[in-house]
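S.K.: Predicted coordinates and the sequence they were generated for:
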Amino acid sequence: MSAPIRMHNACYILVPWVGVANRDAILLGRAACRVAYQAKMFPVFPMLQFGGYLTEDEMDRQLTVESWRWVRRSAKIWLCTDTEHPKLDPLTHDILLDNEGLLLTRTRSSSYNSVFAKRRPVYRFKPGFDGESVQVSLLERAEIAQTLRTNITSGLFRGVAI
C-alpha cells in the first residue's frame, strides 16, 4: 500500500480532550480552524464534524478512524492547548508518537522510509486570555519529546509491536 498523498495546505487540528469538556475541546478546535482558514490553510478537525450527532461510543470509534485517515494527508499538525505540557489522550499521544517515527505497528516493515522524510511540523496553537489574540509557534522536537514523556501513561502498552 502506498503512502497517501499529502495536501500541502492541510492543517490537522489536534485537541487533547482528557480533563476537558467536549464543548470546550470543540470550541478550542473551532477557534484554531478559524485561524488556519484565515491563514489560507485547509483545517481538518474531525471532532467538530462528528461531535454533534454521534453517541460517545460511536464517536470514539469514528474519531479514531477519521483522525488517522486525515492526519496522514495533512502537511502540518496544530496541537491546541493553553498549557506548556498538556495532558494527552491516547489518540493524541499516538498521533504525536507516530509523527516522531516512534509508534511501531504490525504493518510497518524494517524497510520503512526515513522518519525525517515523513515527519510533519507540529505547531502549538495557544489562545489568548482575551479570546481574540492567539499564538501559533513551532514546537521543537525536544518539546514534543518532553510532552510525550510527561504523558507516558497515555501511551503505555499502545503502539507496541506484537
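M.R.: Ah, there it is. Residues are numbered from 1 along each chain as shown.
S.K.: Tally up the residues packed near residue 127, please.
M.R.: Residues near residue 127, counting by other C-beta atoms under 10 Å, number 18. C-beta: built from backbone N, CA, C; applies to glycine.
S.K.: go on, residue 94?
M.R.: By the measure other C-beta under 10 Å, the count of residues near residue 94 is 22.
S.K.: What of the one 4 residues further on?
M.R.: A count of neighbours around residue 98, defined by other C-beta under 10 Å, yields 19.
S.K.: Also residue 121?
M.R.: Residues contacting residue 121 under the criterion other C-beta under 10 Å number 11.
S.K.: Please apply the same query to the one 3 residues further on.
M.R.: Here the neighbour count serves as a burial measure; for residue 124 (other C-beta under 10 Å) it reads 20.
S.K.: Look up the residues forming beta bridges with it.
M.R.: residue 79, residue 137 (DSSP bridges).
S.K.: Which parts of this protein are strands?
M.R.: Here the chain has its strands, by DSSP state E, at 7-14, 42-44, 74-80, 122-127, 134-138.
S.K.: for these, which one sits closest to residue 21?
M.R.: Nearest to residue 21 among these is strand 74-80; the distance by C-beta to C-beta comes to 14.4 Å.
S.K.: For residue 102, which of the strands of the chain is the nearest?
M.R.: Taking the strands of the chain one by one with C-beta to C-beta, strand 122-127 is closest: 13.4 Å.
S.K.: Just list what the closest one packs against, helices and strands only.
M.R.: helix 22-38, strand 74-80, strand 134-138 (3 or more C-beta pairs under 8 Å, 6 or more residues apart in numbering; DSSP states H and E).
S.K.: Could you tell me the angle between the first one and strand 122-127?
M.R.: Between the axes of helix 22-38 and strand 122-127, defined by axes from the mean of the first three to the mean of the last three C-alpha atoms, to 10 degrees, the angle is 110 degrees.
S.K.: give me every residue that touches residue 92.
M.R.: Under the criterion of C-beta atoms under 8 Å, 6 or more residues apart in numbering, the contact partners of residue 92 comprise 14-17, 79, 154.
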